[in-house]
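J.: Please find the sequence and the predicted model below.
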Amino acid sequence: MKIINEAVELAPVDAVQPHPRNPRQGDVGAIHESIEANGFYGAVVAQRSTGFILAGNHRWQAARHAGATEVPVIWVDVDDDHALRILLADNRTNDLATYDDSALASLLQELADAGNLAGTGYDGDALDDLLADLSGGEIVPYTQKVETPTYEPHGPRPPLRDLRDEARADELRREIDATPGVPDDVRDFLRAAAGRHTVFRYDRIAEYYAHAPAEVQRLMEASALVIIDFKQAIDRGFVRLHEDVVNAFERDFPGANPEDDADAA
């Protein structure tokens, strides 16, 4: 076996550039997500005489997009024909690889249960699709493991007024009512929409639920004020909606925490 790596060094990001004849189109966004979650690992392989990248072109693009000023480079001293063969071989050998889908699903489910799918290149929908393929087309929804809560009284039943804070919602309703020239149907719509600013105190709601009669508990569960049956919450869309909102928030605002605003939703 002939090893042609000439040197490995941390080089300025502009010391190398994509090969102009590279036909490969990669998902730079997914690689960028991996870099944000895992850090930059590995290196790019570049031809010494030209600085053209022969392997790791999209990794380099993602690193540059992430603001890197230097990247690890493995230099190889080869002629142009040899460089093209390396370029094509690196792409093609990746294409020829396959997965043990059962092993992959098991690994992804393990990470999903721990809430650690970010940075893997997979999301909950991809895992759903993989599980459906393995089950012969039956959709097996991806969920994180959730311990079913048991609500027991820890003190006296809180008054209803303590279960929510409508200060912002009431402020908006007063503003809507005081604004002249708003048609009645529009005013009714805006007043209803102002309810979105109601802040629910879920810890106090859980305490109230523990003291409530069975029929009130059933209605609170149906409203997702408390979640006892997690599968039922998925079927009704409460949990899936939350997951979709969190995923969209993390995609558009990486590094922010959507849970910080959850009580105001």
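T.: Yes, it's here.
J.: So what's the residue count around residue 89?
T.: Neighbouring residues of residue 89 were enumerated by other CB atoms under 10 Å; the total is 12. Using the backbone N, CA and C atoms, a C-beta is placed for each residue, glycine as well.
J.: Might you report the residue contacts of it?
T.: With contact set as CB atoms under 8 Å, 6 or more residues apart in numbering, residue 89 has no partners.
J.: And for residue 46?
T.: 16, 52-54, 73-76.
J.: Next, it: secondary structure please.
T.: strand (DSSP: H, G, I helix; E, B strand; the rest coil).
J.: Then the one 4 residues further on?
T.: For residue 50, the assignment made with three-state DSSP gives coil.
J.: residues near it, how many?
T.: 15.
J.: The one 4 residues further on now?
T.: Residue 54 is flanked by 26 other residues according to other CB under 10 Å.
J.: wait, doesn't it sit right on residue 60?
T.: No - contact criterion CB atoms under 8 Å: residue 54 and residue 60 do not qualify, at 11.1 Å.
J.: quick revisit: may I ask which of the contacts of residue 46 has the most neighbours?
T.: residue 54 (26 neighbours).
J.: In a strand, that residue, correct?
T.: Yes - assigned with three-state DSSP, residue 54 falls within a strand.
J.: what's near enough to touch it?
T.: By CB under 8 Å, 6+ apart, residue 54 lies in contact with 19, 45-47, 76, 83, 86-87, 90.
J.: if you set the cut-off to 7 Å instead, what comes out?
T.: 19, 45-47, 83, 86-87, 90 (CB atoms under 7 Å, 6 or more residues apart in numbering).
J.: For it, give its distance to residue 64.
T.: In this structure, residue 54 and residue 64 are 17 Å apart, going by CB to CB, to the nearest Å.
J.: do the same with residue 16
T.: Relative to residue 64, residue 16 is positioned 10 Å away (CB to CB).
J.: One more: residue 90?
T.: From residue 90 across to residue 64, the span is 19 Å (CB to CB).
J.: next one: residue 167
T.: In terms of CB to CB, residue 167 sits 47 Å off from residue 64.
J.: before we move on, what about residue 127?
T.: Residue 127 is 30 Å from residue 64, by CB to CB.
J.: So which of the two has more stuff around it?
T.: Neighbour count, other CB under 10 Å: between residue 127 and residue 64, residue 127 has more, with 22 against 15.
J.: Quick check: that one is in a strand.
T.: No - assignment of residue 127 by three-state DSSP gives helix, placing it outside any strand.
J.: Against which helices or strands is the helix or strand where residue 208 lies packed?
T.: Here residue 208, judged by DSSP states H and E, is contained in helix 202-211. The contact analysis (3 or more CB pairs under 7 Å, 6 or more residues apart in numbering; DSSP states H and E) places helix 202-211 against no helix or strand.
J.: So for the helix or strand following it, what gets flagged as buried?
T.: Downstream of helix 202-211, the first helix or strand assigned by DSSP H and E is helix 214-222. Buried residues in helix 214-222, counting neighbours by 16 or more other CB atoms under 10 Å, are found at 217, 220-221.
J.: Could I get the CA-only coordinates of helix 214-222 as CSV?
T.: Taking Å, rounded to 0.1, in the frame of the first residue of the first chain, the C-alpha atoms of helix 214-222 are listed here in CSV:
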residue,chain,number,x,y,z
ALA,A,214,-63.0,12.9,37.2
GLU,A,215,-65.0,14.8,34.6
VAL,A,216,-63.0,18.0,35.1
GLN,A,217,-59.8,16.0,34.8
ARG,A,218,-61.0,14.4,31.6
LEU,A,219,-61.7,17.9,30.1
MET,A,220,-58.3,19.2,31.2
GLU,A,221,-56.6,16.2,29.6
ALA,A,222,-58.6,16.8,26.4
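J.: tell me the mean pLDDT for that helix?
T.: Across helix 214-222, pLDDT averages out at 83.
J.: now the angle from that helix to helix 202-211?
T.: Computed with axes from the mean of the first three to the mean of the last three CA atoms, to 10 degrees, the direction of helix 214-222 lies at 150 degrees from that of helix 202-211.
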